[in-house]
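>>> Need coordinates for the below:
(5 chains)
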Amino acid sequence: MRLGRVIGNIVSTIKHERLKGIKLLIVEPVGPDGAKNAAPIIVADYLDSGMGSLIYWIEDGATICKWMELRSIPLRGSIVGQVDKVDFKDPEQILKG
Amino acid sequence: MRLGRVIGNIVSTIKHERLKGIKLLIVEPVGPDGAKNAAPIIVADYLDSGMGSLIYWIEDGATICKWMELRSIPLRGSIVGQVDKVDFKDPEQILKG
Amino acid sequence: MRLGRVIGNIVSTIKHERLKGIKLLIVEPVGPDGAKNAAPIIVADYLDSGMGSLIYWIEDGATICKWMELRSIPLRGSIVGQVDKVDFKDPEQILKG
Amino acid sequence: MRLGRVIGNIVSTIKHERLKGIKLLIVEPVGPDGAKNAAPIIVADYLDSGMGSLIYWIEDGATICKWMELRSIPLRGSIVGQVDKVDFKDPEQILKG
Amino acid sequence: MRLGRVIGNIVSTIKHERLKGIKLLIVEPVGPDGAKNAAPIIVADYLDSGMGSLIYWIEDGATICKWMELRSIPLRGSIVGQVDKVDFKDPEQILKG
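From the prediction side, this is the model:
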């Protein structure tokens, strides 16, 4: 799983029919300090996550289909939680003790 | 899933027999601003996407085979939707509120 | 599998219900010399790993679900061991013999 | 799937017994313009691809095993087609129309 | 699959019980010219590979579990062969003919 921030959404008419009704958001991967660390991706959202939310998502098609107990749909990424707080230490500080 | 732009197609005679008849496009991964963000890949297309289309695709062999309700074919990527509009904010603007 | 160091944890109220009760840590991928080599990720932990621990984890949803002999949960990464000692040689020294 | 060029092969005596008899090639990932875009990988070949061939391959163990209708073998990548011609446009030209 | 060189091993007491007895090596991914091309990873070894060996490995949990005909174990990478010889040409030489 990875941390990310919701930065947008996709409007799409022509698509695979099993994607109809599924909200697709654009998420920018970020580190625990909130800094961007990879290219944006597109994920499904079932948690009503708003613009700017800090979330974590999984990228694993088979797993998503199973836990949704739905018929198989062409999805690879999905938000699975929203973040209230990130507790972290700078790794160099951890090593200094 | 990722955003991408169709930039070409592949002509191929010698191939696995289950790939026959499947249209293979070259897609360049792009960000929500349309800027390229990774190396081009090859994906199947069942949505009649044209040159230059903004699309999103999945990369997940098992999932593709299941939703197509076909026999297993050696495919890993497939376009699953075409993009009408991308709504996004620059992450720095989101953080400033 | 990859080596990593525990650098933090996630507090999250709104999440997929099957993630409730699962401890989620932030791990920074490191090399055998302890130097960071990729962006931090979020993994589950069942080994009571503490802040700063050197661990190794897998990233594979289907495999995790199977070995936990649990119902399918939306997890992709999990710590599977803690490291007591890393024995390694600089690759250039190995080649010199 | 990705585009690549065959740049070599592997000679290997000690290996998993189910890999015996399978031809393993070294492939350099390339873009539609033929320029290298990632580190070389090792893939199986069942299409008699020669040195220098432009090919495309999949990387997906489960999918390969299924389409080969063989017992499971420890393979993750396989060439699935040879390229006769690549038609592509420079993305900037597409956007200019 | 990828080429790599064995550069170390992991000593680990606290770990998932199904990993007990499995030898875990540190492998540095290399190109056909022996030059490092990615961050080190941790893989299982069943071929008695020594320090400095040139090997190839797969990274695919489901596939590993199946070919081992074992109960599911939390493994994602495993060495599947040792390299006697790598035959390769510089891609630029191939293109010049």
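
>>> Where does the prediction get shaky in chain A?
Scanning chain A for pLDDT under 70 picks out A:60-74, A:91, A:95-97.

>>> Is the residue positioned nearest the centre of it bridged to anything, and to what?
Most central in chain A under CA atoms, centre = their mean is residue A:57, positioned 3.4 Å from the mean C-alpha point. With DSSP bridges as the criterion, residue A:57 is bridged to residue A:2, residue A:79.

>>> what does residue A:9 give?
In this entry, residue A:9 is beta-bridged to residue A:25, residue B:87, by DSSP bridges.

>>> thinking it is in contact with residue A:26, fair?
Yes: if you go by CB atoms under 8 Å, residue A:9 and residue A:26 touch, sitting 6.3 Å apart. The C-beta positions use only the backbone N, C-alpha and C, and glycine is treated the same way.

>>> do you know how far the residue nearest to the centre of chain A is from chain D?
21 Å (CB to the nearest CB, to the nearest Å).

>>> isn't residue A:78 right next to residue A:44, touching?
Yes: if you go by CB under 8 Å, residue A:78 and residue A:44 touch, sitting 4.4 Å apart.

>>> what about the two, which has more around it?
Neighbour count, other CB atoms under 10 Å in any protein chain shown: between residue A:78 and residue A:44, residue A:78 has more, with 24 against 20.

>>> circling back: give me every residue that touches the residue nearest to the centre of chain A.
Applying CB atoms under 8 Å, 6 or more residues apart in numbering or on different chains to residue A:57 gives the contacts A:1-2, A:4, A:27, A:43, A:77-80.

>>> let's go with 10 Å and repeat that
A:1-4, A:25, A:27, A:29, A:41, A:43-45, A:49, A:64, A:77-81, C:42, C:74, C:76 (CB atoms under 10 Å, 6 or more residues apart in numbering or on different chains).

>>> Who are the packing partners of the helix or strand hosting residue A:6?
Assigned by DSSP states H and E, residue A:6 falls within strand A:2-11. Here strand A:2-11 is seen to pack against strand A:24-29, strand A:41-44, strand A:54-59, strand A:77-82, strand B:85-88, helix B:91-96, strand C:41-44 when contacts are counted using 3 or more CB pairs under 10 Å, 6 or more residues apart in numbering or on different chains; DSSP states H and E.

>>> again, 8 Å this time
strand A:24-29, strand A:54-59, strand B:85-88, helix B:91-96, strand C:41-44 (3 or more CB pairs under 8 Å, 6 or more residues apart in numbering or on different chains; DSSP states H and E).

>>> So which of these is nearest residue D:19?
Proximity to residue D:19 (CB to CB) singles out strand A:54-59 among these, at 28.9 Å.

>>> Could you check the angle that closest one makes with strand C:24-29?
For strand A:54-59 against strand C:24-29, the angle by axes from the mean of the first three to the mean of the last three CA atoms, to 10 degrees is 70 degrees.

>>> Tell me which residues of strand A:54-59 come out buried.
A:54-59 (16 or more other CB atoms under 10 Å in any protein chain shown).

>>> wait, which of those residues is closest to residue B:93?
After measuring the buried residues of strand A:54-59 against residue B:93 - CB to CB - the closest member comes out as residue A:54, at 15.8 Å.

>>> Thought residue A:81 was touching the closest one, still the case?
No: taking contacts as CB under 8 Å, residue A:54 lies outside contact range of residue A:81: 9.9 Å.
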